[in-house]
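Q: Let's see this in three dimensions:
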Amino acid sequence: MISPTLNLELAAARLWDVLVVGAGPAGSLAAREIARRGLQVLLVDKASFPRWKVCGCCLNGRSRQILTAVGLRDLPAQLGGVPLRRLMLASRKRRARMEIQAGIAVSRPAFDGGLLEAALKMGTDFLPETCASLGQSAGETRTVVLRQHERTAEIKSRLVLLADGLGGRFFQRARRPEMVIEKNSWIGAGVVVPSAPEFYCTHAIFMACGSHGYVGLVRLEDGHLNIAAAFDPRFVKHWHHPGRAAETILADAGFPPIVGLSQWDWRGTPPLTRRISPRAMHRIFVLGDAAGYVQPFTGEGIGWALAAGLAVSDLAIRGAEQWHASLEREWHHLYQKTVASRQFLCKALALVLRHRILTSAMIAVLFRFPKAANPFLRRLHLNSAQLRPNLQFKASSWDRN
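A: Next comes the predicted model:
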């Protein structure tokens with residue numbers, strides 16, 4: 001359990017340079033980088049830590065590049081992260097195998113907790129089990145209402161970074177910004193199971209794809225199997241449970257069944273594909289999942305969050321020192337370049353995966369032309385030529401060695 005560094009009353013008695021709402025990867029990394037520069041940072045989250053959330057639990061090459069850039073290169077290994085070497089993509093009992101070298105699997109309780117600890121070491125203050133909502137703008141500060149159990153306090157900060165995730169309610173009483181959820185957006189669902197067939201081995205990502213959803217599986221540092229899926233909500237409604245929907249897709253892909261999958265306690269997410277507009281307003285920047293999201297594939301979600309957390313830090317420092325309306329436009333353009341342009345690639349891939357014939361054709365092409373996916377995957381997962389994985393598809397049976 002990560003303890004609070006102060007209480008609600010002490011937090012309310014201070015004027016903060018930056019208040020960060022949400023202690024996921026985006027919020028914790030932003031808080032760390034800003035506190036490292038000497039500013040007074042308060043980080044709040046509605047949950048207690050460590051906490052689990054629906055996620056594929058994969059760090060791709062881009063995530064590892066960002067961690068290296070901020071001096072946290074060894075964090076995944078310190079948390080027991082499992083190197084990822086292969087990706088098995090399957091649909092309608094046809095498979096393509098990809099070898100990768102830049103990925104690593106680590107559970108979200110461990111990774112988010114590790115990032116939060118790194119932020120605290122740099123001087124960030126932390127309040128868990130604390131809900132936040134927008135208060136009034138007062139000249140050179142923003143007021144945020146914090147609620148912790150039965151207590152309420154108003155916090156003043158020169159700048160607010162909002163990273164409260166897909167289901168955040170920070171703006172519930174405000175007229176703007178506008179959240180637009182894409183029509184026919186899929187929902188996320190996930191579970192961690194303690195045992196599964198040996199087929200689902202370590203050092204590998206398994207992706208079972210169907211026209212109504214896809215299911216990703218990866219072994220974590222404790223040997224448990226993390227399962228993260230994206231489904232058409234009508235498909236889940238038809239099967240009455242996300243576990244039964246996942247069983248159907250796994251069977252269709254030709255992957256071994258996982259006994260009792262529909263009996264575990266699955267958790268879901270709101271609709272995944274969404275955008276918020278604007279992503280910045282007077283002394284507020286929105287980042288992470290709260291700023292917009294599309295269905296991820298193999299670790300992109302954490303990469304987007306880390307990229308946004310790092311990108312916003314310099315703007316936040318400037319905004320806390322002296323606010324200019326031009327910073328709102330700067331964040332819009334920086335977010336588009338850093339995150340939104342890469343989300344477009346995942347959105348295009350998600351459209352392909354919704355069509356059974358297109359998915360089968362894609363796998364067939366990858367059997368015949370092994371290097372066809374290399375440019376796409378490098379663009380999706382890496383910032384530059386560094387940490388470039390050896391991406392090769394192989395038309396062969398699954399090799400567990």
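Q: where does the stretch 151-300 of the chain dip in pLDDT?
A: Across the stretch 151-300 of the chain, residues meeting the criterion (pLDDT under 70) sit at 173-175.
Q: Run through the strands of it in chain order.
A: 151-162, 178-181, 187-193, 204-210, 213-219, 225-231, 267-271, 274-277, 280-281, 284-286, 292-293 (DSSP state E, counting those that start in this stretch).
Q: most tightly surrounded among those?
A: Of all these, strand 284-286 carries the top mean neighbour count, a mean of 28, counting by mean count of other CB atoms under 10 Å. In short, each C-beta sits where N, CA and C put it, glycine included.
Q: What is that one packed up against?
A: strand 151-162, helix 300-321 (3 or more CB pairs under 8 Å, 6 or more residues apart in numbering; DSSP states H and E).
Q: The same query, at a cut-off of 6 Å, please.
A: strand 151-162 (3 or more CB pairs under 6 Å, 6 or more residues apart in numbering; DSSP states H and E).
Q: you'd agree residue 9 is in a strand?
A: No - remark: residue 9 does not belong to a strand; assigned using DSSP: H, G, I helix; E, B strand; the rest coil, it is helix.
Q: neighbours around it, how many?
A: Neighbour count of residue 9, defined by other CB atoms under 10 Å: 9.
Q: ok, now how distant is it from residue 146?
A: According to CB to CB, to the nearest Å, residue 9 and residue 146 sit 11 Å apart.
Q: ditto for residue 63
A: Counting by CB to CB - residue 63 and residue 146 are separated by 30 Å.
Q: between those two, who's got more neighbours?
A: Higher neighbour count among residue 63 and residue 146: residue 63, with 27 against 22, using other CB under 10 Å.
Q: contacting residues around that one?
A: When contacts are counted by CB atoms under 6 Å, 6 or more residues apart in numbering, residue 63 is found next to 302, 303, 306.
Q: of these, closest to residue 321?
A: residue 306 (24.2 Å; CB to CB).
Q: Report the spatially closest residue to that closest one, excluding sequence-adjacent ones.
A: The shortest distance from residue 306 to any non-neighbouring residue, by CB to CB, 6 or more residues apart in numbering, is to residue 66 (4.5 Å).
Q: Now that we're looking at that neighbour, what pLDDT does it have?
A: Residue 66 is assigned 96 on the pLDDT scale.
Q: tell me which element it falls in.
A: Assessed by DSSP states H and E, residue 66 sits inside helix 61-69.
Q: Name the next helix or strand following that helix along the chain.
A: Counting by DSSP H and E, the next helix or strand C-terminal to helix 61-69 is helix 75-78.
Q: in that following helix, what's buried?
A: 75, 76 (16 or more other CB atoms under 10 Å).
Q: Next secondary structure element downstream of that helix?
A: Next along from helix 75-78, by DSSP H and E: strand 82-91.
Q: now the angle between helix 300-321 and the helix holding residue 66, please.
A: Comparing the axes of helix 61-69 and helix 300-321 via axes from the mean of the first three to the mean of the last three CA atoms, to 10 degrees yields an angle of 40 degrees.
Q: chain center to helix 61-69: distance?
A: Between the mean C-alpha location of helix 61-69 and the chain-wide mean there is a distance of 14 Å, by CA atoms, centre = their mean, to the nearest Å.
Q: Quick one: mean pLDDT over the helix or strand where residue 344 lies.
A: For residue 344, the host element (DSSP H and E) is helix 341-353. For helix 341-353, the mean pLDDT works out to 72.
Q: With stretch 46-57 instead?
A: 93.
Q: Pull out the buried residues from that stretch.
A: 46, 47, 49, 50, 51, 52, 53, 54, 55, 56, 57.
Q: now it, how far from the centre of its chain.
A: 10 Å.
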